[in-house]
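S.K.: coords please:
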Amino acid sequence: MATQAQQLFRAIVVHNKLMNEADLDALLASSPDPEQAIGAMVARKIISAGTGSKLLALYKGKLDKLAAQPKPVETPAPAAAAPAAIPHQAEPEDDEPHEDTVFARAARAAAAAQAQPAAESEPAESYADADEEAAPTLTHGGIQETIYKPSENAIPLEGSEEAEVDVFVDGRLNVNLAGRHLLHALLKMAREAGASDLHIKSGAKPIVRKASALHDLDVDVMTPAAVEATLKSCLTETQRRTYEKTNDLDFCYDAGPLGRFRTSYLHQLRGMDGIFRIIPSRVQSFEELRLPEAIKRFCDFRQGIILITGPKASGKTTTMAAFIDLINSTRAEHIITVEDPIEFVHPCKKAHVNQREVGAHTESFSNALRAALREAPDVIMVGEMRDLETTSLAITAAETGHLVFATLHTPDAVRTIGRVLDVFPPEEQSQIRAMFSESLRGIVSQLLIPSPDGTHMELATEIMFNTPAIGNIIRENRTYQLRASIQTGKKLGMLLLDESLINLVKEKRISKAEALTRSDNPTWVEKELTGLT
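M.R.: As a prediction, the model looks like this:
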């Protein structure tokens, strides 16, 4: 059942002809919170950023009015009384809201429009079709509402039609202007700096991570109160309640034209902190990511499981998105993704894509996977195989004719196979080893390493394709022989992580010191790089 907030949002959007009802249903299914739905409308270019800001202000204004009004005292009607027709009453002259004002007015306006002859009815003004100079308002239920007036602290978003108001004082960002505009200014600074993360810390300067190193932003120290007000400015009521209850919150923040940010809030000694992982504005191709050409072959399989592994911040999600985008662009199939949270949004291209977020759209990875087996997917993407049930269901899905992509926090192919098998009880491992040896199609392990000048990250990869010899090694639990099998499988496109590190040093894309600290066999790497600095 739709919430009151969703009903209000639906009434405004439909009345102003911003979307048709079918598309609106689909939007609210993927973004149940109206504020997130508005961000999605801007991101998908359904409306402009300026219209989005106005729509958000109108929605929040009406929502606040509904929240402020007292609830009516319900009096039971006499049992024998027949329902009476409700006479049309003139609108109250005062501006005080009363229960269901928005919906009652919308219903009366719709009924009146249907009762009038077509020639006499006047179409409701739609901001989407109107000139901004001539139509600074939206109409709703026959009432004109002033939608948006920029606050004195407002900043223009990229692509916005809003009037520009400078938030900088003498060339410095004024961190006392706590709120969503300050948050967006900091996110914009971080993205333009080429950072991978933004840290907003209580009692400290905001920090960005670039090429794995942390750097202070050239702004003033933010007080705990300013940090809390800024971070909470982008939360929905549900998210706010969750944070206040647990002191932790993980979600993906859609900042419209600024892009999407994987976000984590926490409470620490000095106050509230927020960490924003900057998600690229679009899915990058294999060539742009410098991924080996050989791994494109994984997209040719119709069933089996492919694992993308690596430590934190190694680009697993970005690589996974490249796989899904390639299939989405080339195969007319059904793709289901299960993520926590959704980072890259995949529009339906040649394939039909359903994206589900743990917490918002499903209870857990395992619940979503169990349901997916009955939802006729061709490709399933699992954000992370975290537990026994999820791992077991992923292998089962691969066994039953689905192509499964999943991630693990393991550094290489040998330890990935060990991690998968060790999740299961000892008495089941023999059977699982046999199933896994047949369903596994390959493993891509990756690592991001700072360039010598510290300006960007370079990608090192380990690639393993499942061959009959490797399948036999897995079945017989002789994983110590895997490195030798990968090394002898170069003609098939296989590559050891140490070999990838050696190649990067020879191409002067990373330093020798960085390669040695990250290699599994430093002695061999040192020998191969003799004479190089």
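
S.K.: strands of the stretch 251-400 of the chain, start to end?
M.R.: Counting by DSSP state E, counting those that start in this stretch, the segments of the stretch 251-400 of the chain that form strands are 260-268, 271-278, 304-309, 334-339, 352-357, 379-382.

S.K.: dump those strands to JSON lines, plus mean pLDDT, distance to Lys45 and mean neighbour count.
M.R.: Where C-beta positions appear, they are placed from N, C-alpha and C, glycine not excepted. Written out in JSON lines, the entries for the strands of the stretch 251-400 of the chain read as follows (pLDDT from 0 to 100; distance: least, Cβ to Cβ, whole Å; neighbours: other Cβ atoms under 10 Å):
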{"stretch": "strand 260-268", "mean pLDDT": "96", "distance to Lys45": "15", "mean neighbour count": "18"}
{"stretch": "strand 271-278", "mean pLDDT": "97", "distance to Lys45": "21", "mean neighbour count": "21"}
{"stretch": "strand 304-309", "mean pLDDT": "98", "distance to Lys45": "30", "mean neighbour count": "24"}
{"stretch": "strand 334-339", "mean pLDDT": "97", "distance to Lys45": "22", "mean neighbour count": "23"}
{"stretch": "strand 352-357", "mean pLDDT": "96", "distance to Lys45": "18", "mean neighbour count": "18"}
{"stretch": "strand 379-382", "mean pLDDT": "98", "distance to Lys45": "25", "mean neighbour count": "26"}
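
S.K.: where does pLDDT dip in this protein?
M.R.: 1, 70-171, 533 (pLDDT under 70).

S.K.: geometric centre of it: which residue is closest?
M.R.: Geometric centre of the chain, nearest residue: Glu343, 2.5 Å, by Cα atoms, centre = their mean.

S.K.: surely that one meets Phe261?
M.R.: No. Assessed by Cβ atoms under 8 Å, Glu343 is found out of contact with Phe261, at 9.0 Å.

S.K.: what's the span of stretch 447-463, first residue to last?
M.R.: Distance across stretch 447-463, first residue to last, is 12 Å (Cα to Cα, to the nearest Å).

S.K.: likewise stretch 206-226?
M.R.: Between the opening and closing residues of stretch 206-226 lies a distance of 12 Å (Cα to Cα).

S.K.: any idea how far Ile380 lies from Leu307?
M.R.: Here Ile380 is placed at a distance of 13 Å from Leu307 (Cβ to Cβ, to the nearest Å).

S.K.: actually Gln487, not the one I wrote
M.R.: The gap separating Gln487 from Leu307 is 19 Å, by Cβ to Cβ.

S.K.: and for Ile449?
M.R.: Applying Cβ to Cβ, one obtains 21 Å for the distance of Ile449 from Leu307.

S.K.: A helix includes Phe424, no?
M.R.: No. The assignment for Phe424 (DSSP: H, G, I helix; E, B strand; the rest coil) gives coil, which keeps it out of a helix.

S.K.: where does the nearest residue to it once chain neighbours are set aside sit: helix, strand or coil?
M.R.: Of all residues beyond its chain neighbours, the one nearest Phe424 is Ile432 (4.9 Å), with distances taken as Cβ to Cβ, 6 or more residues apart in numbering. Under three-state DSSP, the three-state class of Ile432 is helix.

S.K.: who are the neighbours in contact with Ile432?
M.R.: Applying Cβ atoms under 8 Å, 6 or more residues apart in numbering, one finds that Ile432 lies in contact with 392, 395, 421, 424.

S.K.: what's near enough to touch the last one?
M.R.: Residues counted as contacts of Phe424 (Cβ under 8 Å, 6+ apart) are 388, 391-392, 432.

S.K.: and the residue nearest to the centre of the chain, how far from Thr517?
M.R.: The gap separating Glu343 from Thr517 is 29 Å, by Cβ to Cβ.

S.K.: check Ile12 too.
M.R.: 56 Å.

S.K.: what about these two, which has more around it?
M.R.: A side-by-side neighbour count of Ile12 and Thr517, using other Cβ atoms under 10 Å, places Ile12 first with 23 against 11.

S.K.: what packs against the host helix or strand of that one?
M.R.: Counting by DSSP states H and E, the element that carries Ile12 is helix 4-15. Applying 3 or more Cβ pairs under 8 Å, 6 or more residues apart in numbering; DSSP states H and E, we find helix 4-15 packed against helix 21-30, helix 34-43, helix 49-68, helix 101-115, strand 137-140.

S.K.: list the buried ones in that helix?
M.R.: Taking 16 or more other Cβ atoms under 10 Å as the basis for neighbour counts, the residues of helix 4-15 that come out buried are 5-13, 15.

S.K.: show me the contacts for Thr479.
M.R.: 414, 417-418, 473.

S.K.: er, Ile308 actually
M.R.: 316, 319-320, 323, 405-408, 443-444, 446.

S.K.: in helices only, show me those.
M.R.: 316, 319-320, 323 (DSSP state H).

S.K.: what's the closest of these to Asp254?
M.R.: Nearest to Asp254 out of the ones in helices among the contacts of Ile308 is Met320 (Cβ to Cβ; 19.4 Å).

S.K.: how near is the residue nearest to Ala40 when sequence neighbours are not counted to Met41?
M.R.: Distance criterion Cβ to Cβ, 6+ apart; nearest residue to Ala40, sequence neighbours excluded, is Ser31 at 4.8 Å. Per Cβ to Cβ, Ser31 is found 9 Å from Met41.

S.K.: give me the buried positions along stretch 493-511.
M.R.: If you call a residue buried by 16+ other Cβ under 10 Å, then stretch 493-511 has these buried ones: 493-502, 504-505, 509-511.

S.K.: before we move on, what about stretch 526-533?
M.R.: 528-529.

S.K.: would you map the helices across the stretch 151-300 of the chain?
M.R.: Read by DSSP state H, counting those that start in this stretch, the stretch 151-300 of the chain holds these helices, from start to end of the chain: 180-192, 224-232, 237-246, 286-289.
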